[in-house]
Every structure is written in C-alpha cells, then in structure tokens.
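S.K.: Mind folding the following:
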Amino acid sequence: MNSTENTRALARARRDQLDSVQALVTAATVGAAAWLTYGQVPATWTTFHRQLTTGLVAVVAGLLVNVIASTLLARRHVRLNELAYGPYDPPAHTLGDDGASSDAQPLPETLLDALVQAENAAAVDAAKRAASEAFQLDRSSGFLRNADRWRGYADGEASFFLAPGLNLHFASVVDTFGSEARFTLLTADADAPVAITDVAQLRHILDARLMGRPLAPERPTGPREDRPVPVAV
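M.R.: Sure thing, here's the model as predicted:
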C-alpha cells in the first residue's frame with residue numbers, strides 16, 4: 001500500500017470515527033434529556049403522559065444536538081472526504097475563438113428559451129445532486145455515485161436505472177431542519193416503494209428478486225447460510 005492509499009485509508013477511518021462520536025454524543029444527549037425531564041415532570045401526571053413528555057423532549061434535544069454537531073463538523077467532513085476519495089475535479093472547459101466557453105449556452109431570445117435552459121440545467125443539477133447524495137448509500141465510486149447513470153428531471157428529482165422494471169428514485173425533501181435526501185426503489189410490478197438506506201440493502205433486494213424469493217428482513221439476524229450453525233455441546 002503506497003502513501004496515497006495509506007492517507008485515504010486513514011481519512012476514511014477518521015471520518016468513521018467522527019461519525020461514531022457524533023452518534024454517541026447524540027445518544028448521550030437523548031439519555032440525559034430523558035433522565036432529567038422524567039425527574040421534573042409532576043408526579044400527579046399519568047404514567048403515559050410522563051413517558052410521552054419525556055420522549056418528546058429527549059427526541060427534540062437529540063435532533064438539535066445532531067444538527068448543531070453536523071453544522072460544526074461540516075467542513076471537517078468535507079476535508080476528510082477529499083482526503084479519502086480525492087477532491088472534486090470539475091471537467092475542463094475549452095474556449096472558443098471569441099474566448100467564451102465552448103459549452104456555454106447562447107443568450108435566450110425569448111422567455112421560452114430561458115425556461116428551456118433553466119429546465120435543462122435543473123435536470124442536470126438533479127442528476128449530479130443524486131450522485132453526490134448517494135454517498136450516504138454507496139461509499140464506492142463507480143456505482144450509485146456515477147452521475148452519468150442518473151437521469152435528472154426539471155422538478156429536482158432523478159432516477160437510476162438498475163434493471164428492466166427496477167429504478168432507484170432520488171428526491172430531496174425539505175423539512176423543519178433543512179433538506180433530506182431520500183432514495184426509494186420503484187418497481188414496474190406495482191410493489192410498494194422501498195426506502196433504501198445503503199447499497200447492501202439494495203443488493204439484498206435485487207438478489208431476492210432474482211431468486212424469486214419474497215423480501216426477507218433487510219439485515220437477517222441469524223447465521224449466514226454458508227456458515228455451519230454452531231451446536232452447543
């Protein structure tokens with residue numbers, strides 16, 4: 001392993017450690033908030049209302065701490081991702097005889113021309129955003145993070161062709177805490193959309209469909225089929 005590979009491996013390890021620390025801090029905040037809140041709730045309340053209040057306060061506290069931590073560590077995450085996978089290198093633009101970029105669009109002559117350009121740009125932007133956000137699912141560099149395989153749409157959504165009748169759908173959902181990328185698996189046989197959280201889950205679903213099996217739990221808790229089951233003596 002050369003120095004570059006060592007640096008990238010170390011950056012990935014540190015990024016994972018940072019994620020783990022953030023998760024532990026969030027979990028500790030939830031536990032502390034629940035403990036403190038439960039002790040402050042009036043004893044005259046019913047058990048249900050005391051538990052409900054405690055749970056709500058704990059969840060809100062955990063969300064706030066997680067958002068604050070994500071904001072504070074955003075630059076650190078970007079830097080570690082650059083070290084782990086290399087910085088983003090935009091494609092080079094060639095210049096025409098007049099010194100303008102050869103891929104620059106002409107100035108619109110009508111409002112319709114401007115609308116067409118904006119829709120095309122929105123579709124390209126959606127495909128690139130989907131590939132970028134797919135980092136949450138796929139830490140490799142040649143599958144879901146390949147922008148050329150995403151088809152963007154003017155409404156900001158995008159789709160990734162997996163196989164005939166199978167597409168991965170991307171949408172950015174805006175809520176109180178900001179925007180959240182959501183990936184769902186859409187099928188042509190009218191199955192309910194399945195939320196996808198990582199590429200291992202996607203592989204499991206594709207394998208189950210290929211073998212004609214019903215979808216099992218996403219992450220089986222029992223022993224793997226190719227391993228012998230230990231027998232207690």
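S.K.: other SSEs contacting the helix or strand of the chain with the lowest mean pLDDT?
M.R.: Lowest by mean pLDDT, DSSP states H and E among the helices and strands of the chain is helix 74-85, with a mean of 71. Identification of packing neighbours for helix 74-85 by 3 or more C-beta pairs under 8 Å, 6 or more residues apart in numbering; DSSP states H and E yields helix 3-40. To be clear about C-beta, it is placed using only N, CA and C from the backbone, and glycine gets the same treatment.
S.K.: which secondary structure elements does the helix it packs on contact?
M.R.: Helix 3-40 is packed against helix 47-72, helix 74-85, with contacts defined by 3+ C-beta pairs under 8 Å, 6+ apart.
S.K.: now the angle between helix 47-72 and the last one, please.
M.R.: Helix 74-85 and helix 47-72 meet at an angle of 60 degrees, taking axes from the mean of the first three to the mean of the last three C-alpha atoms, to 10 degrees as the criterion.
S.K.: tell me the contacts of the spatially most central residue of the chain?
M.R.: Nearest residue to the geometric centre of the chain (C-alpha atoms, centre = their mean): Gln136, 3.3 Å. Gln136 sits next to 181, 198 when contact means C-beta atoms under 8 Å, 6 or more residues apart in numbering.
S.K.: where does it land on pLDDT?
M.R.: Confidence at Gln136, expressed as pLDDT, is 87.
S.K.: ok, it to Thr184 distance?
M.R.: Per C-beta to C-beta, to the nearest Å, Gln136 is found 13 Å from Thr184.
S.K.: And for Gln17?
M.R.: According to C-beta to C-beta, Gln17 stands 30 Å off from Thr184.
S.K.: More neighbours: the two, which one.
M.R.: Neighbour count, other C-beta atoms under 10 Å: between Gln17 and Thr184, Thr184 has more, with 14 against 11.
S.K.: tell me the SS of the more buried one?
M.R.: Under the three-state scheme (DSSP: H, G, I helix; E, B strand; the rest coil), Thr184 adopts strand.
S.K.: residues near the closest residue to it other than its chain neighbours, how many?
M.R.: With sequence-adjacent residues excluded and distances taken as C-beta to C-beta, 6 or more residues apart in numbering, Thr184 is closest to Pro193, at 4.2 Å. Taking other C-beta under 10 Å as the criterion, the count of residues near Pro193 is 12.
S.K.: got the angle between the least confident helix or strand of the chain and helix 3-40?
M.R.: Relative orientation of helix 74-85 versus helix 3-40 (the same axes, to 10 degrees): 150 degrees.
S.K.: Residues contacting helix 74-85, please?
M.R.: Outside helix 74-85, the residues that touch it by C-beta under 8 Å, 6+ apart are 7-8, 10-12, 14-15, 18, 88, 135, 141.
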